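In: Below are the sequence and a predicted model for it; my questions follow.
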Amino acid sequence: MKIIGFDKLTLVDYPEKIACILFTGGCNMRCPYCHNGELVLHPEMFPPFSDDEIFSYLDKRKGILDAVVISGGEPMLQRGLEEYVRKIKEYGLLVKLDTNGTRPDVIKDLVEKGLLDYIAMDVKNSLDSYGETCGIPSFNTSAIEESIAFLKEGRVDYEFRTTVTRETHGEKNFISLASLLEGAKAYYIQNFVANENTIEKNLSPLSYEELQSYIRILRKTIENVQIRNI
C-alpha cells in the first residue's frame, strides 16, 4: 500500500467515531469536482508515508482512536489492500473504506472476510449521467450497480453519498437516484465546495432551497437522507 496523505485525527469522517484518515493516490475516475485532484492526477508528487510511521502512530493512540478511514484517490486500486487492513485490525481498530464502487469483487471479498466495518460509496449521479459526471464519457455502470445492490443487502454498515454541483446535477438526476438507491440505509448529499485542488475550476454549489427540493424527492424512497457542506 502506498499512503501519500495522512490526517491524524478526524471527528467527522467515521460516524460517531474518533478516527484518522489514510489517503491513497491515483483513481480510475476524473470527476470534475474532485477536491483531491492532485492525489488523483499527480500522486507521484507526494512522498509516501512509511508503514513504521503510520503503525507507530496507531500503537501510540491505542485507547484514543476508534477507527481508521482509508480514502483516496481510489483505495481499491492499491495492491496489498487486504493485508494492510488486516494489520490495522490487529490494533483493535474499526476500518472504514471510502470507494467509488468500481471493484465490487474487492468489496465483497473484504466484507465476507470480516475486514471492513463501514463503507462509504460515492454514487456520482444517475446512471444515464455517470460518464459525464465521473469524467469518463464511455463509462460502463454495471460495476456500480453491482456494488450498490451488494451494499443494500446490509452485510456491512454503509452509506451512499453524492457530491453535487449545479453543472452536473438536476431534478431528473435525483428522480433517477431515488429509484436506484431505494431502500438504502443512509444517503448523504454533499454540496460542492471549491478549493485549489479541484480538477475543474468552473463549478458551483447548489442553494439550500434547491437541495431541500431534491431531498424531498429522495425521501420518497430513502428514509435517511441528509445534507453535508451547508
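Out: All right, it came through fine. Residues are numbered from 1 along each chain as shown.

In: Please make it C-alpha for all contacts and neighbour counts, starting now.
Out: OK.

In: Quick check, pLDDT for the residue of the chain most remote from its centre.
Out: Ranked by distance from the centre of the chain (Cα atoms, centre = their mean), the top residue is K60, with 27.1 Å. On pLDDT, K60 comes in at 96.

In: go on, I215?
Out: Per-residue pLDDT puts I215 at 96.

In: Just give the closest residue to it, not the sequence neighbours.
Out: Once flanking residues are discounted, I215 sits nearest to V225: 6.7 Å by Cα to Cα, 6 or more residues apart in numbering.

In: How about the contacts made by that neighbour?
Out: By Cα atoms under 8 Å, 6 or more residues apart in numbering, the contact list for V225 reads A186, Y187, Y188, I189, I215, L218, R219.

In: Hmm, I215 and A178 touching each other?
Out: No: counting by Cα atoms under 8 Å, A178 does not reach I215; the two are 9.6 Å apart.

In: what's next to the one helix or strand I88 maps to, contact-wise?
Out: Using DSSP states H and E, I88 falls within helix 81-89. Contact partners of helix 81-89, identified using Cα under 8 Å, 6+ apart, comprise M1, F55, V68, P75, V95, L110, L115.

In: which is the next helix or strand following that helix?
Out: Following helix 81-89 toward the C-terminus (DSSP H and E): strand 94-99.

In: closest to C31 among the contacts of helix 81-89?
Out: Among these, P75 lies closest to C31 (Cα to Cα), at 15.7 Å.

In: What segments of the chain are helices?
Out: Using DSSP state H, the helices of the chain run over 37-41, 51-60, 81-89, 104-112, 130-134, 142-152, 171-180, 208-218.

In: Model confidence for the nearest residue to P137 once chain neighbours are set aside, exactly?
Out: The shortest distance from P137 to any non-neighbouring residue, by Cα to Cα, 6+ apart, is to G131 (4.3 Å). For G131, the pLDDT comes out at 97.

In: tell me the contacts of G131?
Out: P137, S138, F139, N140.

In: neighbour-wise, which of those residues leads?
Out: The residue in the contacts of G131 with the most neighbours, by other Cα atoms under 10 Å, is F139 (16 neighbours).

In: Isn't it up against Y130?
Out: Yes: F139 is within contact range of Y130, at 7.1 Å (criterion: Cα under 8 Å).

In: Report the central residue of this structure.
Out: Most central in the chain (Cα atoms, centre = their mean) works out to D98, at 3.5 Å.

In: Could I get the contacting residues of that one?
Out: V69, I70, S71, G72, E74, P75, I119, A120, M121, D122.

In: and those, which two are the farthest apart?
Out: V69 and D122 (14.6 Å).

In: Least confident secondary structure element in this protein?
Out: Lowest mean confidence among the helices and strands of the chain (mean pLDDT, DSSP states H and E): helix 37-41, at a mean of 89.
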